[in-house]
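Enquirer: turn this into a structure:
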Amino acid sequence: MNGSKAAETLPIQLANWRSFYQREFGIVLGNVDIQKARSGSERLIVVAQSLTVDEVLSHCEKYFPISFSMMTPVENYIRHEDRQATHTYAIHIPSRFDYNKCDPVLTANAFVAAGQSGMTLLERLLLELKHFIETGEHVEGRSSATLCTGTWMDSDFIPYVGSDPLARSIGIAVFAQPSFAGIAGFVPWPVTVHQ
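Expert: This next block holds a predicted model:
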């Protein structure tokens, strides 16, 4: 991920999110509670009230193709989300994420049991859409993917978002049961939540 975006101050990042929502969705953001980011957690993601996964997926398809391995509408299969867009909220994610430093056997269950909070599918899709519009590139430029451990699908499956740099497409799919969630470069991305 481009580190220059993470180096922007929080007020600038918030202003960019306000412009993004106005331009792309016609949404005017109200108050957004953002606290000072922890060291290493400097990239802001803002989720607008009432926004849905399927709305963002539909908007993504205006910019790049999406492949699915789950039925649509996706929201019909979401069993639990750690955070919902019942109000506008913000999270921080690490400005850079090194997949090589991740525990390759870390499962989604272990990640959650350790008290970590991961991105929801909605948060990850918004990051992808905004990043692509700004840079023309996908967030993950290698054969890896983000496990969205903040979203649990039916049968305890975890969705993932990843990209294929050769096909310039983003893949959205249900990956695996939580006990196998840490294999093959598919890892959770920790977040700091501000609600």
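
Enquirer: what number of residues lie near Tyr63?
Expert: Applying other Cβ atoms under 10 Å, we find 14 residues neighbouring Tyr63. (Glycine included, C-beta is placed from N, CA and C.)

Enquirer: where's the nearest residue to it once chain neighbours are set aside relative to Thr149, distance?
Expert: Nearest residue to Tyr63, sequence neighbours excluded (Cβ to Cβ, 6 or more residues apart in numbering): Phe132, at 5.7 Å. Using Cβ to Cβ, to the nearest Å, Phe132 is found at 22 Å from Thr149.

Enquirer: cool, and Ile91?
Expert: Here Ile91 is placed at a distance of 13 Å from Thr149 (Cβ to Cβ).

Enquirer: which ones are touching the residue nearest to Tyr63?
Expert: 60, 63-64, 138-139 (Cβ atoms under 8 Å, 6 or more residues apart in numbering).

Enquirer: got a pLDDT number for it?
Expert: pLDDT for Phe132: 89.

Enquirer: hmm, Ile34 is touching Leu44, no?
Expert: Yes: shown here, Ile34 and Leu44 form a contact pair, counting by Cβ atoms under 8 Å, at 6.6 Å.

Enquirer: how about Phe25, phi and psi?
Expert: When read as degrees, to the nearest 10, the backbone of Phe25 gives phi -120, psi -10.

Enquirer: cool, and Arg79?
Expert: The phi/psi pair for Arg79 (degrees, to the nearest 10) is phi -90, psi -40.

Enquirer: Arg23 too?
Expert: phi -70, psi -50.

Enquirer: likewise for Tyr89?
Expert: Backbone geometry at Tyr89, expressed as degrees, to the nearest 10, gives phi -150, psi 170.

Enquirer: export stretch 61-81 as CSV, just CAs?
Expert: Extracted in CSV, the C-alpha atoms of stretch 61-81 (Å, rounded to 0.1, in the frame of the first residue of the first chain):
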residue,chain,number,x,y,z
GLU,A,61,-17.9,-2.8,-10.3
LYS,A,62,-18.0,0.6,-12.0
TYR,A,63,-14.2,0.7,-11.6
PHE,A,64,-13.0,-2.9,-11.8
PRO,A,65,-14.3,-6.4,-12.3
ILE,A,66,-15.1,-8.5,-9.3
SER,A,67,-15.1,-12.3,-9.1
PHE,A,68,-17.3,-14.1,-6.5
SER,A,69,-17.3,-17.5,-4.9
MET,A,70,-20.4,-16.7,-2.9
MET,A,71,-24.0,-16.0,-3.7
THR,A,72,-25.3,-12.4,-4.0
PRO,A,73,-26.6,-10.4,-2.4
VAL,A,74,-23.7,-11.0,-0.1
GLU,A,75,-25.4,-9.4,2.9
ASN,A,76,-27.9,-12.3,3.0
TYR,A,77,-25.1,-14.6,4.1
ILE,A,78,-23.5,-12.4,6.8
ARG,A,79,-24.1,-13.8,10.2
HIS,A,80,-22.1,-11.4,12.4
GLU,A,81,-20.2,-8.1,11.9
